[in-house]
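S.K.: All I have is the shape, not the residue letters:
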């Protein structure tokens, strides 16, 4: 569509103004983490005068960040792996077979899209206690896997259904079993949808702090968000340390995002509007 | 070995049933019992629900939090989704640097809510925070205030931060919706003389309905589940003076602040059930109504 010159100028101003609003707090966070406390209070908005990583050294001594990082990586990777494998298997079945029960089964999974799982937190707490999983990273992995399944089954089933059935028939004539059709023929074809599922669930598992807050008490088992929370409580007046803590918790995700931003963007929107 | 295929949905089914369906179902049951101490007491039917809605301070707490959730939804629909749609439209009309812009808008969404909460707490700090400093620098010094400490501004501040967080995601959904509109439909409308606003209202918005439906439901669910940001910034009491309290924060307070297994467990479960019905019924209804209105293409 055509735009007037004035309209175009206004568009650019608005678009880039919002980019500034989105990025500025993050830039402020990183630049403040490189300042001293004195500098933050004297000139909160300017860039740091000297480059110093002292705060980060102090932070490294204050919290076991390496532990938190490992816990976060383990929990997120495990959850995403389980969600992807299990949801793909379920979605394949639901999109390729129509027995009496498949419609009902699909509906049963999809209902989960509207269930706020946090509301079941009390029974979930007791269940984890009975299973001996309090203070275990597996409690988190199981919950993230379970709560990630509805959206993942939804996206993957939709995507499987768009694949022509002839592909599969050809493979079967060549002698492929169900499993081979699934693994060799269909799975490679739904890569964009798999990327969506992986990304959505990864962001969720990585950033969540509600469940670790409740299930993990032991310091060495905390994930990054809850681990850092302790820091924010204890060092209330040390602003540069707080900003360093914030930066450090955000950094792994930001780096990952910048490295794979195209896949990220495409993946996120691929299955959304179908 | 062909029957093995029927085991394919099993792992997903078992985990989902055990850790999502069972806890919710149990919460329904819990709400029908009186709890004393750690043990479930006698069956009391709907008594917990009656208490929740008729006995002080529970009823006041409920409606106070409920109003805040509604406010959350309205502001997010207007501010977050309004701005996000505008930005998606700008990118859809081919603006330079759209790759960078998309990354920039989405960046806040990558941060954990706990990081966002504390980051904004520092920015909004009444004495040294960046916002009041900026206001002073551009001559609006008298606007400066303790944003989060003032009951009049605290809730709005939190909701706007949530909008800041969510705009990038909403923008991507709207953009995907816009990009799925067939070019020839737009072309045909233009040949018929549709321009500017007319084109937007009569063509583009109706054709974007699937994306708008999805975002409306997402926003609704999000607004009624609002917990993390409030908890991270204002604690489990929705400070100051419950002015930022939401139903989920109130629920958390009942379930955990007084220690699990307390008398409020039945009441808390009743609140969970009410919240579940609000989210479930409204999202099911809006899905149904909006699907009917969608334009097929």
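M.R.: Ah, there it is. The model shown is predicted, which means the values in this text are computed figures rather than measured ones.

S.K.: In the stretch 1-150 of chain B, which residue sits nearest chain A?
M.R.: residue B:23 (2.9 Å; Cβ to the nearest Cβ). (Each C-beta comes from the backbone N, C-alpha and C, glycine too.)

S.K.: What lies in contact with stretch B:54-61?
M.R.: B:51, B:52, B:53, B:242, B:245, B:250, B:267 (Cβ atoms under 8 Å, 6 or more residues apart in numbering or on different chains).

S.K.: Of the residues you listed, just say which sits nearest to residue B:142.
M.R.: Checking those against residue B:142 with Cβ to Cβ, the nearest one is residue B:242 at 28.0 Å.

S.K.: Tell me the confidence at the residue lying closest to that closest one once chain neighbours are set aside?
M.R.: Excluding the flanking residues, the one nearest residue B:242 by Cβ to Cβ, 6 or more residues apart in numbering or on different chains is residue B:64, at 6.0 Å. pLDDT, residue B:64: 95.

S.K.: again with the one 5 residues further on
M.R.: The score at residue B:69 is 96. That number is its pLDDT.

S.K.: Show me which residues of the stretch 151-274 of chain A sit near chain B.
M.R.: A:153, A:177-179, A:182, A:203, A:206-210, A:214, A:224-226, A:228-229, A:232, A:239, A:242-243, A:246, A:249-250, A:253-254, A:257-258, A:261, A:264-265, A:268-269, A:272-273 (Cβ under 8 Å from any Cβ of the partner chain).

S.K.: Which members of those are positioned in helices?
M.R.: The helices, defined by DSSP state H, take in A:153, A:178-179, A:203, A:206-207, A:210, A:214, A:224-226, A:228-229, A:232, A:239, A:242-243, A:246, A:249-250, A:253-254, A:257-258, A:261, A:264-265, A:268-269 from these.

S.K.: which of the residues of the stretch 151-274 of chain A next to chain B are buried?
M.R.: A:153, A:178, A:182, A:203, A:206-210, A:214, A:224-226, A:228-229, A:232, A:239, A:242-243, A:246, A:249-250, A:253, A:257, A:261, A:264-265, A:268-269, A:272-273 (16 or more other Cβ atoms under 10 Å in any protein chain shown).

S.K.: ok now the helix or strand harbouring residue B:135, how far from the chain's centre?
M.R.: Secondary-structure assignment from DSSP states H and E places residue B:135 in helix B:130-137. Chain-centre distance of helix B:130-137: 29 Å, with Cα atoms, centre = their mean, to the nearest Å.

S.K.: list the helices and strands that helix packs on?
M.R.: helix B:113-123 (3 or more Cβ pairs under 8 Å, 6 or more residues apart in numbering or on different chains; DSSP states H and E).

S.K.: could you give the angle of the helix it packs on to helix A:239-259?
M.R.: 130 degrees (axes from the mean of the first three to the mean of the last three Cα atoms, to 10 degrees).

S.K.: can you list contacts of helix B:113-123?
M.R.: Under Cβ under 8 Å, 6+ apart, the answer for helix B:113-123 is A:25, A:28-29, A:32, A:207, A:209, A:225-226, A:228-229, A:232, A:239, A:242-243, A:246, A:249-250, B:108, B:111, B:129-131, B:148, B:157, B:161, B:165, B:228-229, B:232-233.

S.K.: so does the longest helix seen in chain B get close to chain A?
M.R.: Taking DSSP H as the criterion, chain B has its longest helix at helix B:264-293. Yes. Shown here: helix B:264-293 in contact with chain A (Cβ under 8 Å from any Cβ) through B:265, B:268, B:269, B:272, B:273, B:275, B:276, B:279, B:280, B:283, B:284.

S.K.: Now render those as JSON lines, adding neighbour count and pLDDT.
M.R.: Shown next, in JSON lines, are these (neighbours: other Cβ atoms under 10 Å in any protein chain shown; pLDDT from 0 to 100):
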{"residue": "B:265", "neighbour count": "27", "pLDDT": "80"}
{"residue": "B:268", "neighbour count": "29", "pLDDT": "86"}
{"residue": "B:269", "neighbour count": "27", "pLDDT": "87"}
{"residue": "B:272", "neighbour count": "28", "pLDDT": "90"}
{"residue": "B:273", "neighbour count": "21", "pLDDT": "90"}
{"residue": "B:275", "neighbour count": "24", "pLDDT": "91"}
{"residue": "B:276", "neighbour count": "19", "pLDDT": "89"}
{"residue": "B:279", "neighbour count": "23", "pLDDT": "88"}
{"residue": "B:280", "neighbour count": "16", "pLDDT": "85"}
{"residue": "B:283", "neighbour count": "18", "pLDDT": "77"}
{"residue": "B:284", "neighbour count": "13", "pLDDT": "81"}
